[in-house]
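Colleague: I'll drop the sequence and a predicted model, then ask my questions.
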Amino acid sequence: QQQVRQSPQSLTVWEGGTTVLTCSYEDSTFNYFPWYQQFPGEGPALLISILSVSDKKEDGRFTTFFNKREKKLSLHIIDSQPGDSATYFCAASVGQGGSAKLIFGEGTKLTVSS
Amino acid sequence: NAGVIQTPRHKVTGKGQEATLWCEPISGHSAVFWYRQTIVQGLEFLTYFRNQAPIDDSGMPKERFSAQMPNQSHSTLKIQSTQPQDSAVYLCASSLGGENTLYFGAGTRLSVL
């Protein structure tokens, strides 16, 4: 059973544009929401994460928003660059303090065209 | 820090053969996770260990898949009687006790002919 839904499946944006990826989840006990970035031939790597006690976290050009009431989160990438072309996964887990399994969304393949 | 090391990077087996995949977690990390990645199913959780003890194997196909962590420096995923539908990239990840971040290896691409 897929507990984390992600959209769109793929997305193309122009260099310098803003990318918006979205996720929704079902389990209200989830309280940790990371976004992972994966390049071809590599494993996913943590990009940014947010806890359910927050509604926004920013790291350079990357910002994640969290809406607890609607059970949704999003990732915004401003000034998108060709080097951002990758597959992005949202994920969710229960438990803070480590060693909790992550449930991943389906992934969004992002292409940034110059 | 070499990161999580997975060997082999690619493995080709014939249908019905056994495949053993190896993972060396980051030194000092206390949790090891196994995931399977396919185009159709995405990233599927298989199993994880904490301090070498199996904690959750709810994602493991019961009959032919097994995982072990005999010491803190490596874990193995064994697939008996491999089938074409087992073809996937198998990813190992480790995390430091007390933190949520998973550090993934590059994966082992298993192809079952």
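Modeller: The structure has been received and is ready for your questions. Everything quoted here is computed from the prediction, not taken from an experiment.
Colleague: Please work out which residue of chain A is closest to chain B.
Modeller: A:Gly43 (3.0 Å; CB to the nearest CB). C-beta: built from backbone N, CA, C; applies to glycine.
Colleague: What residues are bridge-paired with the nearest residue to that residue once chain neighbours are set aside?
Modeller: Take A:Gly43 and drop its neighbours on the chain: the residue closest to it by CB to CB, 6 or more residues apart in numbering or on different chains is B:Phe104, 3.0 Å away. Per DSSP bridges, the residues bridged to B:Phe104 are B:Ala93.
Colleague: Likewise for B:Ile5?
Modeller: On the basis of DSSP bridges, B:Ile5 is bridged to B:Glu24.
Colleague: Which residues lie in contact with it in this structure?
Modeller: Residues in contact with B:Ile5 (CB atoms under 8 Å, 6 or more residues apart in numbering or on different chains) are B:23-24, B:105.
Colleague: now swap in B:Thr7 and tell me
Modeller: When contacts are counted by CB under 8 Å, 6+ apart, B:Thr7 touches B:21-22, B:24, B:108.
Colleague: Now it: phi and psi?
Modeller: Dihedral pair for B:Thr7: phi -140, psi 150, per degrees, to the nearest 10.
Colleague: Then B:Pro84?
Modeller: Taking degrees, to the nearest 10, you get phi -50, psi -30 for the backbone angles of B:Pro84.
Colleague: In space, what's closest to it - neighbours in sequence excluded?
Modeller: B:Val112 (5.0 Å).
Colleague: Could you confirm whether the one helix or strand A:Leu73 maps to reaches chain B?
Modeller: Taking DSSP states H and E as the criterion, A:Leu73 maps to strand A:72-77. No: figure legend: strand A:72-77 not in contact with chain B (CB under 8 Å from any CB of the partner chain); closest approach 15.1 Å.
Colleague: quick one: strands adjacent to the helix or strand following that strand?
Modeller: Note on strand A:72-77: by DSSP H and E, the next helix or strand toward the C-terminus is strand A:86-92. Using DSSP bridges, the strands paired with strand A:86-92 in its sheet are strand A:32-38 (antiparallel), strand A:103-104 (antiparallel), strand A:108-113 (antiparallel).
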